[in-house]
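Undergrad: need a 3D model of the sequence below.
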Amino acid sequence: MAEYFDAIKIEMMLDGETWTDVSADVIAPIDVKQGVLSSDPLQRVANTGTMSFMLNNSASNSAGLLGYYAPSNANCRTGFDIGLPVRLMMTYDGREKCKFTGRIPANGINVIPGELGTRKTAVTVTDFMDATAKYEVELPQFTTNKTLSEIMTLLVADMPIKPEYEDYDTGDYTYAAVFDLVRPKTRLMQEFGALALSEMGYIYITHSWTHDEILKAESKSARFENPLLTELIINTSESGYLLMEDGGYLLQEDEDKLHLDELQSAWAIAESHMAMKTTYNNHYVNRVTAKVYPRQEDSENQILFSLQKPLSLDAGETREEYRVTFKDPTGGGARVTSRSMETPVATTDYTMNSEDDGTGDDLTADLSVTVTYGTNGAVYTLENTGETDGYITKLQARGKGIYTYDPIEYSAEDETSQAAVGIYNRTIDMKYQDDFEVAKEGAEFICSNYSGIGSVPETAQMAANLSAKHMWAFLQLEISDGVYVSETVTGIDSYYIINGYEFSILDNQHVLFTWHLMPSNIYGWQLGVDGRSELDLTTRIRR
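TA: Now for the predicted structure:
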């Protein structure tokens, strides 16, 4: 018998504080994509998540107003504009959960013109990952000996819009040098990518029963430690009741019986209930090169920036946001960042004269210099407080430099495979790492697992309404949860991890959902660890 949701709601925070249900004006389908939509072992950061749907912009909508969802129309609903928070709430068997939340981006509203046309407004909502793809990491402060969780906290701290909740694993490594390889215009998502590859973990958005939006950072060992399969909730009507010692039922205040929170057996996907897309050796690789970055540091101050030509500054003028980039004082062309920088000193670090060749009156006393240092450069505020036009003829930044001349590389190779099919090469750029042994471990890990991966299910698609178990699988299981997949024709018969998902709500009730899967057996057989070492149960020999 088909199952149906108690409620499916699109809500908007139109007043900036409270959620308003706008479902009466939503036109199906509602399409959602979130997570890592690939089984590529080197894609470790989620794609920008999206939710798209149509709104009734005709006079038949809930307000009876043409142009109710057109920001340039006088009839537009108050608060409907770009930047608006939007979420999708779904309720089944009395339990409500957010399945997507985000904001309408700058290009997220498309009003279809024509008074006699369809009179609809197309809306796209993007999740927090979209903000990370746009946000530039500016002048991060160099720091040392930080873990995954500490680095994530520092990266997100200055963002104007933050996720509702942050959940970061401590991490398996402590990174000696942090932010020294960040370059101008580096986007936060790029830095997430560098960190995730260095950790060999994952960064993505997920949801829970208590939090609409969670920014999650997984350590390398997280998927070792998590149980392969998540037990699913049982419908209230099918679960038992809480009994007292005398055998009677424990009642709630309204005299209803108190249900047990029972769970059903771990989820297994049967081939008759799904559509599967499989690939054979889609991410095949038999040579993997991993790069780590040892650093060299100055023991004494060096000049990391020096003004190359005079800079005019009129009387009373203030020049703000004057940005400079640190350079290798030896001319070696290395990547240069700073460990510690000196406060500018008059005449030592800056001078101002009435002539651009450094002659004339010395106006240095009228030059106010304020500077903010970052790892790879500085931003100056320069003010001529005097009554005479001047030229800044000297401006320099002194500090201890950190240099990255050449990364150290390690290549893992499967020579037998190369002799049979040629060379398939991938590179792991581990910018936070400086340990050669970590490079070796990472390269060998990917090479050994992807030089003979065989057939894998890239995606598995199902209808949520097929059964209560399918409904709970859709609503409850999230990224990093495990599922078991078996299919006769391809011979697929193993455990997989949900890497991302997409779904469509077709008529405000029926849901077709797709999981993007990663092989779980690449995370290894951990000898002697319960739940990870049982042959043919939690561990299978790869065919």
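Undergrad: so where is the stretch 301-450 of the chain shaky, pLDDT-wise?
TA: Filtered on pLDDT under 70, the stretch 301-450 of the chain yields the residue ranges 333-335.
Undergrad: ranges for the strands of it?
TA: According to DSSP state E, counting those that start in this stretch, the stretch 301-450 of the chain carries its strands in the segments 302-306, 311-313, 318-325, 335-341, 350-353, 367-373, 377-384, 390-404, 408-413, 425-429.
Undergrad: who wins for proximity to L88 among these?
TA: Distance to L88, taken as CB to CB, is lowest for strand 425-429 among the strands of the stretch 301-450 of the chain, at 35.6 Å. For the C-beta atoms, the positions are set from N, CA and C on the backbone; glycine is no exception.
Undergrad: centre of the chain to the closest one, how far?
TA: Averaged C-alpha coordinates place strand 425-429 at 21 Å from its chain's average position (CA atoms, centre = their mean, to the nearest Å).
Undergrad: partners of it in the sheet?
TA: For strand 425-429, the pairing partners within the sheet under DSSP bridges are strand 287-292 (parallel).
Undergrad: list the helices and strands the helix or strand following the strand it pairs with packs on?
TA: Scanning forward in sequence from strand 287-292, with DSSP states H and E defining helices and strands, the next element found is strand 296-297. Taking 3 or more CB pairs under 8 Å, 6 or more residues apart in numbering; DSSP states H and E as the contact definition, the neighbouring helices and strands of strand 296-297 are strand 390-404.
Undergrad: okay, now the sheet partners of the strand it packs on, with direction.
TA: Strand 390-404 pairs in its sheet with strand 296-297 (antiparallel), strand 302-306 (antiparallel), strand 311-313 (antiparallel), strand 335-341 (antiparallel), strand 350-353 (antiparallel), by DSSP bridges.
Undergrad: ok, now which ones touch the residue nearest to Y322 when sequence neighbours are not counted?
TA: Here the nearest residue to Y322 in space, its sequence neighbours aside, is Y380; by CB to CB, 6 or more residues apart in numbering that works out to 4.3 Å. Neighbouring residues of Y380 by CB atoms under 8 Å, 6 or more residues apart in numbering: R319, Y322, R323, V324, V369, T370, V371, L395.
Undergrad: rewinding a little: can you tell which of the strands paired with strand 390-404 is closest to H510?
TA: Across the strands paired with strand 390-404 (criterion: CB to CB), the nearest stretch is strand 335-341, sitting at 53.6 Å.
Undergrad: now list the buried members of the contacts of Y380.
TA: When neighbours are counted using 16 or more other CB atoms under 10 Å, those contain these buried positions: Y322, V324, V369, V371, L395.
Undergrad: just give the nearest non-adjacent residue to F513, would you?
TA: Spatially, and ignoring its direct neighbours in sequence, F513 is nearest to F503 (3.7 Å; CB to CB, 6+ apart).
Undergrad: repeat that for I10.
TA: Counting by CB to CB, 6+ apart, I10 lies nearest to V26, which is 4.9 Å off, once chain neighbours are set aside.
Undergrad: what's across from that neighbour in the sheet?
TA: Under DSSP bridges, the residues paired with V26 across the bridge are L55.
Undergrad: circling back to that earlier point, how about the strands of the stretch 301-450 of the chain in JSON lines, adding distance to L154?
TA: Compiled in JSON lines, these are given as follows (distance: least, CB to CB, whole Å):
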{"stretch": "strand 302-306", "distance to L154": "22"}
{"stretch": "strand 311-313", "distance to L154": "33"}
{"stretch": "strand 318-325", "distance to L154": "21"}
{"stretch": "strand 335-341", "distance to L154": "15"}
{"stretch": "strand 350-353", "distance to L154": "30"}
{"stretch": "strand 367-373", "distance to L154": "16"}
{"stretch": "strand 377-384", "distance to L154": "18"}
{"stretch": "strand 390-404", "distance to L154": "17"}
{"stretch": "strand 408-413", "distance to L154": "26"}
{"stretch": "strand 425-429", "distance to L154": "21"}
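Undergrad: for A194, which of those strands is the nearest?
TA: Between A194 and the strands of the stretch 301-450 of the chain, the shortest separation by CB to CB is 7.1 Å, and it involves strand 425-429.
Undergrad: circling back: ok, the residue nearest to Y322 to G358 distance?
TA: For Y380, the distance to G358 equals 19 Å [CB to CB, to the nearest Å].
Undergrad: break this structure into its domains for me.
TA: If you go by automatic domain parsing, the domain ranges for the chain are 7-132, 133-204, 287-294+407-450, 296-404.
Undergrad: what's the first-to-last distance across the first one?
TA: Counting by CA to CA, to the nearest Å, you get 32 Å between the two ends of domain 7-132.
Undergrad: can you check the third one too?
TA: End-to-end distance of domain 287-294+407-450: 10 Å, with CA to CA as the criterion.
Undergrad: please apply the same query to the last one.
TA: Domain 296-404 stretches 7 Å from its first residue to its last (CA to CA).
Undergrad: what about the chain, any weak spots by pLDDT?
TA: Under the criterion of pLDDT under 70, the regions of the chain flagged as low confidence span 1, 225-230, 237-274, 333-335, 453-454, 521-543.
Undergrad: alright, that wraps it up for me.
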